[in-house]
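Chemist: based on what follows, work out the 3D shape:
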Amino acid sequence: METTIQIKMDLKDKLNALRLYPNESYDSVIRRLSKLAEDEEPLSKETIQRIETSLKDIKEGRVYTTDEVKKRLKIA
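Modeler: Numbers count the residues shown, from 1 in each chain. This next block holds a predicted model:
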């Protein structure tokens, strides 16, 4: 089953620029782009938790710049 969608001209221009060949259909372009957007390996719960912990550390100032680390470790 096919359907019609409305898109603004600037998006149509972008889709045209993303065609691999001049006559590639919009359906093909959109399918290719949607495959690129899919995450083949979703993050594990453990990874998400580690990211959240890291973000909390950043917000609370528990981070060091590269220069600070080099200075503390006395490396150039």
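Chemist: what about the spatially closest residue to Tyr64 that is not a sequence neighbour, how many residues nearby?
Modeler: Nearest non-adjacent residue to Tyr64, counting by C-beta to C-beta, 6 or more residues apart in numbering: Arg72, 7.4 Å away. Any C-beta I mention is one placed from the backbone N, CA and C, and that applies to glycine too. By the criterion of other C-beta atoms under 10 Å, Arg72 has 9 neighbours.
Chemist: what helix or strand does Arg72 sit in?
Modeler: helix 66-73 (DSSP states H and E).
Chemist: in that helix, what's buried?
Modeler: Within helix 66-73, no residue qualifies as buried by neighbour count (16 or more other C-beta atoms under 10 Å).
Chemist: just stretch 30-45 next, same as before
Modeler: Applying a neighbour-count criterion of 16+ other C-beta under 10 Å, stretch 30-45 contains no buried positions.
Chemist: how far does that stretch stretch from start to finish?
Modeler: Distance across stretch 30-45, first residue to last, is 30 Å (C-alpha to C-alpha, to the nearest Å).
Chemist: who's in contact with that stretch?
Modeler: Leu15, Leu18, Leu20, Ile51 (C-beta atoms under 8 Å, 6 or more residues apart in numbering).
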